[in-house]
Structure formats: C-alpha cells, structure tokens
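K.L.:
Based on what follows, work out the 3D shape:
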Amino acid sequence: MAAPAWAGGLRGLRALLLDISGVLYDSGGPSGGTPIQGSREAVSRIKKSGLKLRFCTNETQATRGKFVEKLQHLGFDVSEDEVFAPAPAACRILQERGLRPHLLVHDALVPEFDQIEKSNPNCVVIGDAAENFSYSNLNEAFQALMGMDKPLLISLGRGRYYKETDGLKLDVGVYMKALEYACDIEAEVVGKPARMFFLSALADMGVEPHQALMIGDDIVNDVGGAQQCGMKALQVRTGKYRPCDEHHPQVRADGYVNNLAEAVDTILQQLNQGESAQAAGM
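P.N.:
This next block holds a predicted model:
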C-alpha cells in the first residue's frame, strides 16, 4: 500500500508532539477516561524508536501531577516532565510579572496555584472550570476585571469544545469570549494555540520546528497553532474531530489519519525505510 502524501515530508524528523485528550483517550466515565484503540501501544513504540516525545495539552481540570497519575492509571507510559500544560506555564508568568490572580478554574486545579499570591488581585485567570462556570462566578470575575485600572484576563487555552465519553462539552474559550466581550478586552492565552507554548516544548527537546511533527484532534488549536510555529501537523479522526474540519476555511492539516496508531505506523515505517536507504547508499 502506497504511503500517504504527508509521509514524504518526514525527512529529518526528530520529535513528536502529541495532544492528549481526543488523541490518547476520551475523558469522562467512572474511570476518568477510555483509551483510544492502539494509543497506548503507539506511545510505547514512539519511545522505543528514539524519537523525542512531548505531550502538549490544554487540560486544566487537574494539576499536572494528578493528570499524569490518571494517564498512568490508564496504562500510558507518561512522566510529568514530558507533559506541557497551561497552568504551570501560567504560574511562571504570574511570578515573573508580579501578578496576583483572581481564579476562575476547576477546584482540582487550585493547588497548582498554591505558591502564588492572590490577595488584591490585579488579573483574572480562567481555565476549564466545568460546573464552576456559574453566573455568580462569571459575574465575580467580570467585576474583578472591571475594578482594575488595566484589566488583564489570562486564559488557560481557548478551545471551543472537547469530547468526553458521553459527548461534546463546552470548553474555556466560550467563557473567555464572554468576559472579553463584557469587558472590551482581549485575553492573553497560555496554552495551545499560543506560539510560546509550542516553542517551549520544542526548546525542552532541543529541536527546531521543522524537525518536529504535531498530532492532535483540534484543527485550530493543535494543527493551526503548530503550523504557525513552522511545524507540520496531522489531525486524527478521533476525539473532537468532525468531517467538516477537513474543509476548514483557514487551516488545513498536512495530513489526516484515522487515529494515533495509524500515524505512528506510517511515521516509523517511513523512518525505517529512510535509514535502510541511507545505509545502502553508504
């Protein structure tokens, strides 16, 4: 079977960036999530291949440590230092800039901000707060912003929706946009698709954008964000993927695959063929 067209651009590939929710597993349910078929084995194969690997997620319903524990419980070979998430990145920004946040986040994420001063807030940090997105809590965040001389809203991602085992769920971007509109401001996004979020993961691996490939289920935040940094990007037909994504007016993936396992099969096959050809030409 002929390799897909996108496989021809894998020359010089040294690293992979993977989204998590919708690529490795679908969240929700009594166990916290359901692994997508073949994804656990695909992660193991990447690690054995010698390719560098980082996981880039906009997950903000748990601390990074607890999130990694859940992934490990689901059978994934993932360590905390391999995962890039918005909350730790936001904490670094808050400390560097002397910012004191009013938090509108999920209860399970609050411990991530334990070392951050929160009295007399001079910014609002919003994440995927789930049931905490009540009128009262949104209005409190609105009032906090309107009471600031220079209102600053920091959003942990800007996704529209994500998929759980029982269907699609509204994401933080919906509520971010509401506060932007109400306060006539523009949020500062930490997480995908922010350029610095991707670049920090690449820098951690010591690779350049053209040496890395992003694999995600979100055509805008995963694929579009990575492409804006100079990376190639694949979209999986799992998670939040919808057929209309393949006709998006602004973003087109470098390739589409049915799932992570299929992507890894093709990538490793192409890299092995390249190594064999190189050895034969020596």
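K.L.:
Going by C-alpha atoms from here, please, whenever you check contacts or count neighbours.
P.N.:
Will do.
K.L.:
low-scoring pLDDT stretches of the stretch 151-282 of the chain, where are they?
P.N.:
Applying pLDDT under 70 to the stretch 151-282 of the chain flags residues 274-282.
K.L.:
In it, mark out all the helices, start to finish.
P.N.:
Secondary structure of the stretch 151-282 of the chain by DSSP state H, counting those that start in this stretch: the helices cover 172-183, 195-205, 225-228, 260-280.
K.L.:
Does residue 42 lie in a helix or a strand, and which?
P.N.:
Secondary structure from DSSP states H and E places residue 42 in helix 39-49.
K.L.:
meant to ask about residue 93, not that
P.N.:
For residue 93, the host element (DSSP H and E) is helix 86-97.
K.L.:
So which bits of that helix are buried?
P.N.:
86-87, 89-91, 94 (16 or more other CA atoms under 10 Å).
K.L.:
Mind listing what's buried along the helix holding residue 42?
P.N.:
Counting neighbours by 16+ other CA under 10 Å, one finds that the buried residues in helix 39-49 are 39-40, 42-43, 45-46.
K.L.:
Would you map the strands across the protein?
P.N.:
15-18, 25-27, 33-35, 52-56, 83-84, 101-104, 123-126, 153-156, 161-164, 167-170, 188-190, 212-216, 232-236, 255-257 (DSSP state E).
K.L.:
mind putting those strands in CSV, mean neighbour count included?
P.N.:
CSV is the format used below for the strands of the chain (neighbours: other CA atoms under 10 Å):
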stretch, mean neighbour count
strand 15-18, 23
strand 25-27, 23
strand 33-35, 18
strand 52-56, 21
strand 83-84, 22
strand 101-104, 22
strand 123-126, 24
strand 153-156, 25
strand 161-164, 19
strand 167-170, 13
strand 188-190, 21
strand 212-216, 27
strand 232-236, 26
strand 255-257, 18
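K.L.:
Dump the helix holding residue 42 to CSV, keeping only the CA atoms.
P.N.:
Only the C-alpha atoms of helix 39-49 are listed here, as CSV (Å, rounded to 0.1, in the frame of the first residue of the first chain):
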residue,chain,number,x,y,z
SER,A,39,-2.9,4.6,21.5
ARG,A,40,-1.1,3.1,24.5
GLU,A,41,0.9,0.9,22.2
ALA,A,42,1.6,3.8,19.9
VAL,A,43,3.2,5.8,22.7
SER,A,44,5.4,2.9,23.6
ARG,A,45,6.5,2.5,20.0
ILE,A,46,7.4,6.1,19.7
LYS,A,47,9.6,5.9,22.9
LYS,A,48,11.4,2.8,21.6
SER,A,49,12.0,4.4,18.2
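K.L.:
Now residue 19. Its backbone dihedrals?
P.N.:
phi -70, psi 170 (degrees, to the nearest 10).
K.L.:
my guess is it meets residue 216, correct?
P.N.:
Yes: using CA atoms under 8 Å, residue 19 is in contact with residue 216, at 4.9 Å.
K.L.:
and the helix holding residue 42, what does it pack onto?
P.N.:
Judged by 3 or more CA pairs under 8 Å, 6 or more residues apart in numbering; DSSP states H and E, helix 39-49 is in contact with strand 52-56, helix 260-280.
K.L.:
which residues sit in contact with the closest residue to residue 52 other than its chain neighbours?
P.N.:
Leaving aside its chain neighbours, residue 52 sits nearest to residue 15 (4.4 Å; criterion: CA to CA, 6 or more residues apart in numbering). Residues in contact with residue 15 (CA atoms under 8 Å, 6 or more residues apart in numbering) are 51-53, 205, 207, 211-213.
K.L.:
now with 6 Å?
P.N.:
Taking CA atoms under 6 Å, 6 or more residues apart in numbering, we find residue 15 in contact with 51-53, 212.
K.L.:
Now tabulate those residues in TSV and tack on distance to residue 268.
P.N.:
TSV is the format used below for the contacts of residue 15 (distance: CA to CA, whole Å):
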residue	distance to residue 268
51	9
52	13
53	14
212	14
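K.L.:
how far away is residue 195 from residue 224?
P.N.:
Distance of residue 195 to residue 224, computed by CA to CA, to the nearest Å: 10 Å.
K.L.:
Looking at the two now, which is surrounded by more residues?
P.N.:
Per other CA atoms under 10 Å, whichever of residue 195 and residue 224 has more neighbours is residue 224, with 21 against 17.
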